[in-house]
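Have a look; sequence and predicted model below, questions after that.
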Amino acid sequence: MPARTQRHSPLAERMRPRRLDDFVGQQHLVGEGKFLRQLIEGNAIPSLIFWGPPGSGKTTLATILAHAVSAHFVFFSAVLSGVREIRQIVEQAKELQGRSTQPTILFVDEIHRFNKGQQDAFLPHVESGLLTLIGATTENPSFEIIAPLLSRCQVLLLDPLQPEDIAQVIRRALADEADGLGQDCLAIEEEAVLLLAAAADGDCRRALNYLETAAKLTLDARRAEASEASRTITEACVRETLQQKTLRYDAAGEEHYNLISALHKSLRDSDPDAAMYWLARMLAGGEDPLYLARRMIRFATEDIGNADPQALRVAIDCRDAYHMLGSPEGDLALIQAAAYLATAPKSNALYAGFAKVRADIQRTGSLPVPLHLRNAPTALMKGFGYGRGYQYAHDDRDALVVQEHLPPELAGAVYYEPTNRGYEAVIKDRLTKWKQILKQRAQHHARTKDGE
């Protein structure tokens, strides 16, 4: 069992659970009959990667596992250490293995910060069993951990803690006289507990940091006023502590991709409320507003297209408005564009058509332009047949001519198939009528030619 943490340590560190039964949350991993509990009961820990947001219990679970199987536990920070330190740990593990059967568990915090070469240094020792590796990361292991190392570890996903879990931790910290705030004999209003639990945003460490600050403010007030009422942590005190909530977001990491995916899908599914929410979440998390404007410009062409040609103009105007105004005035232009795009008729006909075009180009290569479509500015070019047989559309009363505009190998190919949604319905009706007129004229030309 690890030694008690010193009283001067942060509350979050002092309250770190030492047994699995004291751990709060992540019941899909630590509940009765679940994976981590079975590992402890079987007294065998494989190499693991804990993937989850800050304050979800990654370090705590690794510590509990190591002590549950009486392993030599080595804490290693990828921020502060490098390959030289890894070599020292390997030598210590070999020495320990020679003296006893006690295994070495190497816990690497923020393992995603190691580059490929540094991660390679773990491979032979994990493979041989000298080291049991437990890595902790807030980033997607699929992108941040090298494949050979990932194949030797089991990835466990940790969720943000629920508000009721965090509320339980807060109450426990206030009651705990050995490691918590129990010696201060503080009470807390229920509204204050709920506010702290919500403000923590799934991060237990953040909640305990807030609680520690709120307790200090309350104790300072009690000493100043010498009143019994100041023994209670109030909702007002918590609001003073919080000041401004910091949202869980990483503009270059996993959460960035999750939120932009949610925004794009909300726009595509015509849900303006969700689109406005996810866009505002990204702004609150510190995302570059011009990045969001660029994504909406792309969305206007990919998912709306000619169903509402005005959508592209709105998205570009949104970018220009933000560029001119900046935050916070320009933020509303982004919200306006998101609401417009979400409520516009949708079509991916241009996106799908472009994909077909690229596939045909890849398949057929550089097909020559038909001679009748080529300009003939010189006599030599005319002599080679450039421009011969070309029909000028404006000479026809309907500006329609029976003439192939694709290379012969692709004659008749259809790439753009407009939908029945929004303005594309008008385009579809127009194209259908034009095709009927051209078909009739082609048939007439064929009968006339046969008659000759």
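Yep, it's here.

Does residue 194 belong to a helix, a strand or coil?
Three-state assignment for residue 194 (DSSP: H, G, I helix; E, B strand; the rest coil): helix.

residues in contact with it?
When contacts are counted by Cβ atoms under 8 Å, 6 or more residues apart in numbering, residue 194 touches 163, 167. Backbone N, C-alpha and C define where each C-beta goes, glycine included.

how close does it sit to residue 202?
Taking Cβ to Cβ, to the nearest Å as the measure, residue 194 falls 15 Å from residue 202.

cool, residue 402 as well?
Separation of residue 402 from residue 202 (Cβ to Cβ): 65 Å.

Give me the more crowded residue out of these two.
Higher neighbour count among residue 402 and residue 202: residue 202, with 22 against 16, using other Cβ atoms under 10 Å.

so where is the protein shaky, pLDDT-wise?
1-7, 79-83, 222-230, 244-254, 449-452 (pLDDT under 70).

repeat that with 50
Residue ranges of the chain with pLDDT under 50: 1-4.

helices and strands around the longest helix that it contains, which ones?
For the chain, the helix that runs over the most residues, judged by DSSP state H, is helix 423-451. The criterion is 3 or more Cβ pairs under 8 Å, 6 or more residues apart in numbering; DSSP states H and E, and there are no helices or strands that helix 423-451 contacts.

Give me the buried positions along that helix.
For helix 423-451, burial by neighbour count (16 or more other Cβ atoms under 10 Å) applies to 423, 424, 427, 428.

Repeat that for stretch 269-276.
Those would be 272, 274, 275, 276, for stretch 269-276 by 16+ other Cβ under 10 Å.

with the residues you listed in mind, which one is nearest to residue 42?
For the buried residues of stretch 269-276, the minimum distance to residue 42 (Cβ to Cβ) is 43.9 Å, reached by residue 274.

quick one: contacts for the closest one?
262, 266.

what about residue 330, how many residues close to it?
So residue 330, with other Cβ under 10 Å, has 19 neighbours.

so who does it touch?
Listed by Cβ under 8 Å, 6+ apart, the contact partners of residue 330 are 289, 321, 322, 323, 324.

Among the buried residues of stretch 269-276, which ones are in helices?
When DSSP H is applied, those are split such that 272, 274, 275, 276 fall in helices.

ok, so of the residues you listed, who is nearest residue 260?
Closest to residue 260 out of these is residue 275 (11.6 Å), distances taken as Cβ to Cβ.

could you pull out the strands for the stretch 1-150 of the chain?
For the stretch 1-150 of the chain, the strands defined by DSSP state E, counting those that start in this stretch occupy 48-51, 72-77, 104-109, 131-137.

The third one: how far from the chain's middle?
Which is strand 104-109. With Cα atoms, centre = their mean, to the nearest Å as the basis, strand 104-109 stands 27 Å off its chain's centre.

and if you look at the second one?
Between the mean C-alpha point of strand 72-77 and the mean C-alpha point of its chain there is a distance of 29 Å (Cα atoms, centre = their mean).

what comes into contact with that strand?
By Cβ under 8 Å, 6+ apart, the surrounding residues in contact with strand 72-77 are 62-63, 66-67, 85-86, 89, 92-93, 96, 102-110.

Buried ones in that strand, by neighbour count?
Buried residues in strand 72-77, counting neighbours by 16+ other Cβ under 10 Å, are found at 72, 73, 74, 76.

Is the third one bridged to anything, and to what?
Beta-bridge pairing of residue 74, defined through DSSP bridges, involves residue 106.

what's the neighbour count on the nearest residue to residue 185 once chain neighbours are set aside?
Leaving aside its sequence neighbours, residue 185 sits nearest to residue 231 (Cβ to Cβ, 6 or more residues apart in numbering; 6.6 Å). Using other Cβ under 10 Å, residue 231 has 15 neighbouring residues.

same thing with residue 54?
Neighbour tally, residue 54, other Cβ under 10 Å: 15.

List the contacts of the residue lying closest to it once chain neighbours are set aside.
Spatial nearest neighbour of residue 54, excluding adjacent residues (Cβ to Cβ, 6+ apart): residue 203 at 5.3 Å. Residues in contact with residue 203 (Cβ under 8 Å, 6+ apart) are 53, 54, 55, 56, 160, 161, 248.

And these, which two are furthest apart?
161 and 248 (11.5 Å).

Those two: which has the busier surroundings?
Taking other Cβ under 10 Å, residue 161 and residue 248 do not tie; residue 161 has more neighbours (26 against 17).

if I look at that one, how far off is residue 105?
For residue 161, the distance to residue 105 equals 24 Å [Cβ to Cβ].

cool, residue 28 as well?
Distance from residue 28 to residue 105, by Cβ to Cβ: 22 Å.

One more: residue 96?
Using Cβ to Cβ, we find residue 96 at a distance of 11 Å from residue 105.

Among those two, which residue is more densely surrounded?
Set residue 96 next to residue 105 and count neighbours by other Cβ under 10 Å: residue 105 wins out with 23 against 15.

show me the contacts for the more buried one.
So residue 105 contacts 45, 62, 65-66, 69, 71-74, 131-134 (Cβ under 8 Å, 6+ apart).

let's see 10 Å
45, 47-48, 62-63, 65-67, 69, 71-75, 93, 131-134 (Cβ atoms under 10 Å, 6 or more residues apart in numbering).

Can you tell me which of these are buried?
Applying 16+ other Cβ under 10 Å to these, the neighbour count classes 45, 47-48, 62-63, 65-67, 69, 71-74, 93, 131-134 as buried.

What's the local residue count around residue 336?
Residue 336: 15 neighbours (other Cβ under 10 Å).

Spatially nearest residue to it (excluding sequence neighbours)?
When the adjacent residues along the chain are set aside, residue 336 lies closest to residue 318, with 6.8 Å between them (Cβ to Cβ, 6+ apart).

Regarding that neighbour, which helix or strand does it belong to?
Per DSSP states H and E: residue 318 is located in helix 310-325.

Hey, what's the angle from that helix to helix 423-451? Just curious.
Computed by axes from the mean of the first three to the mean of the last three Cα atoms, to 10 degrees, the angle separating helix 310-325 from helix 423-451 equals 140 degrees.
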